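S.K.: Show me how the following folds:
(one chain, ligands or ions: 1)
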Amino acid sequence: MRFPFLFATRGCRAVYRLHQKPFLSPVPPLWEHRSSAALSTQLCKDDRSYYITTPIFYVNASPHLGHLYSAVLADCFHRYKLLQGFNSKFATGTDEHGLKIQQAAEAAGKDPLTFCTGVSKQFRHLFSSCNISYTDYIRTTEQRHREAVEHFWSVLWNKGLIYKGSYEGWYSTQDESFLMPSQVGDALDSLGKEIKVSLESGHKVEWMKEENYMFRLSAFQSQLLDWLRGNPQAVQPERFHQAVLKWLQEDLPDLSVSRQRSRLQWGIPVPGDDEQTIYVWLDALVNYLTVAGYPDKHNQWWHVARHVIGKDILKFHAIYWPAFLLGAGLPLPQVIHVHSHWTVGGKKMSKSLGNVVDPLERSQMFTADGMRYFLLRQGVPDSDCDYTDDKVAKLLNAELADSLGGLLNRCTAPALNPAQVYPSFCPQSFPRAHGGRAVHEDYHMLDAIQKLPAVVEKHYEAMHIYKALEAISACVRLTNGFVQRHTPWKLDRKNNEDQRWVDTIIHISLECLRIYGTLLQPIVPEASNKLLSRLGVQPHERSWAGLNFLARYQGMDCPFEGRALGSDSGVLFSRLEPHNADKQKPKKTKKSANLK
Ligand code: MSP
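M.R.: Prediction:
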């Protein structure tokens, strides 16, 4: 397929003449189909399917903290949906084509594939060390992906949505992105030389003039606006939704979707024109379809796709990608979950500043659960967060080691629980109507924990993981307060009434711990497993459906009452020394001395 054509360029804006393929008006908006009877039947059929993705990671350098954050967020959603009984698919992987990778391989003196394989393995190793439970790991250099991209390209081409034209303007290799003049500013490089940079990323840009293929992006402007206006939840949080709407109200030029082979060899050739290489972002975005089984078997997954992305790649996911999908006649992602960035000492992480946080090293220092908990508890989607080792140690000590670990230790320690069982609940000691030994605050606590699963669910659904963890942490404090208030270690166990009250206090506390352990599984899978195993909660009893809190108080049977506790496998989470956190691994401390 070779195309005779005419083209001319003006400034950075590509000016083109259409050739060969007549322009087809863009396909009808697919999101409207969602409300149609036909699709809602389809949705009902497999409405327990869930498909979540991370961005695929560039392999030009080793993984850093920000990469782990994207992966931990997506892993948390995946695990949460599995707990809820969904059939969940979770894809991650590496983005291996493009100029940036070609240059990094050259600089390393390796052939590109060997270079990519090495760094891709580092990502895989990080993810398995941090319990990222992906169901598919895609590399864009795989054959299945090449086939998907070639097919996708051909669909767009056959619909007349790609044409040969010319691009003249700014390009940032670091961002693999084309920029408008208004997005470019002046700066000095490390040698004091004047350069042009992207105002958004700060990365160097270069002027390029090339004959290449253009995608008719401008034709989708109003459909994209309609999609976003009709689906206020499509891009979350709200401020990013608004940012995309604003971009869409500005000029939306057509997009160059190929590079000349003479400049970029490391990529998928344009079908039928091996003088051109497919633009790395088009190639990369199609990974989400490849994993879903495109072009033949993607239906089960594609209409339930959700993407987790960092704010720097919003335009690619919320404008280019939906436009490509509309062009190809495919449904749009259900939600694009956007997160902000991690800074270090208030500064952007960068090699030149020497402040890049190595997530593998940190997960060895603080444990995988420790890093997961910190990132999800402190990471706020709306605004950037600052990382310091000290903050990690302080948070983990306070919430995992002392508060949650201390509570488990108190309630399972042989001094207070010599029979090592889930003791009985006594309705007379803690009646539904006041009058037993429980006080007003105790009823307040039960009420809060009863409501906790719904609160956590609401926050997990909205990607406000930090709010879910805040709510759990507040409830853990309430339970510690409950135990502290009634000082069961001071009661006279020879007195039957006191013994029943001690048992009731421990029964309630273990029920609280069971709820916390179950809800925390997506966040700290190892610690949750340890906690639930210590309580004697079997794997099939750890789902969302099994959360029924304090059945005995509701007048129902409790399957755990009287059951032997699981074996003691040590402290739940070891304390860290805040000031030396960067020098040491977690110490095995003595069990907490909470028992008087
Ligand atoms: N390869 C593209 C994505 C293609 S997806 C079809 C890419 N890769 S990346 O390796 O540069 O970035 C991957 C993810 O890491 C993005 O979500 C990005 O936002 C995230 N982070 C990169 N730096 C970050 C921080 N400092 N903090 C948090 N996340 C950040 O972009």
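S.K.: what's the longest helix that the chain contains packed up against?
M.R.: Using DSSP state H, we find that the single longest helix of the chain is helix 496-519. Helices and strands touching helix 496-519, by 3 or more Cβ pairs under 8 Å, 6 or more residues apart in numbering; DSSP states H and E, are helix 406-412, helix 440-461, helix 465-486, helix 525-535. Every residue, glycine included, has its C-beta placed from N, CA and C.
S.K.: so for the third one, what's the average pLDDT?
M.R.: To tie it back to what came earlier, the one meant is helix 465-486. For helix 465-486, the mean pLDDT works out to 98.
S.K.: One more: the last one?
M.R.: Per-residue pLDDT values over helix 525-535 give a mean of 98.
S.K.: Name the residues that touch that helix?
M.R.: Applying Cβ atoms under 8 Å, 6 or more residues apart in numbering, the set of residues contacting helix 525-535 from outside is 79, 131, 133, 367-369, 400, 404, 408, 412, 422, 510, 513-514, 516-518, 520-521, 542, 560, 565-569, 572-573.
S.K.: For the ligand, what's the nearest residue on the stretch 51-200 of the chain?
M.R.: G66 (2.3 Å; Cβ to the nearest ligand atom).
S.K.: Determine the three-state secondary structure at that residue.
M.R.: helix (DSSP: H, G, I helix; E, B strand; the rest coil).
S.K.: Provide a list of residues in contact with the closest residue to it other than its chain neighbours.
M.R.: Counting by Cβ to Cβ, 6 or more residues apart in numbering, G66 lies nearest to W342, which is 5.4 Å off, once chain neighbours are set aside. Contact analysis of W342 by Cβ under 8 Å, 6+ apart lists 65-66, 69, 349, 357, 379, 384-387.
S.K.: Also I309?
M.R.: 55, 70, 317, 336-339.
S.K.: same question, C411
M.R.: Counted by Cβ under 8 Å, 6+ apart, C411 has contacts 417, 483, 506, 509-510, 513.
S.K.: repeat for V380
M.R.: V380 sits next to 340, 466 when contact means Cβ under 8 Å, 6+ apart.
S.K.: quick one: it is in a strand?
M.R.: No - per three-state DSSP, V380 lies outside any strand segment and is coil.
S.K.: Quick check, pLDDT for it.
M.R.: pLDDT at V380 comes out at 93.
S.K.: swap in the one 3 residues further on?
M.R.: Confidence at S383, expressed as pLDDT, is 93.
S.K.: burial measure for the residue lying closest to it once chain neighbours are set aside, as a count.
M.R.: Using Cβ to Cβ, 6+ apart and skipping the chain neighbours, the partner closest in space to S383 is S340 (5.4 Å). Neighbour count for S340, taken as other Cβ atoms under 10 Å: 20.
S.K.: pLDDT value on the nearest residue to Y422 once chain neighbours are set aside, please?
M.R.: Excluding the flanking residues, the one nearest Y422 by Cβ to Cβ, 6+ apart is F560, at 4.4 Å. With respect to pLDDT, F560 has a value of 97.
S.K.: Of the contacts of W342, which belong to strands?
M.R.: 385-387 (DSSP state E).
S.K.: ok, of those, which come out buried?
M.R.: 385, 387 (16 or more other Cβ atoms under 10 Å).
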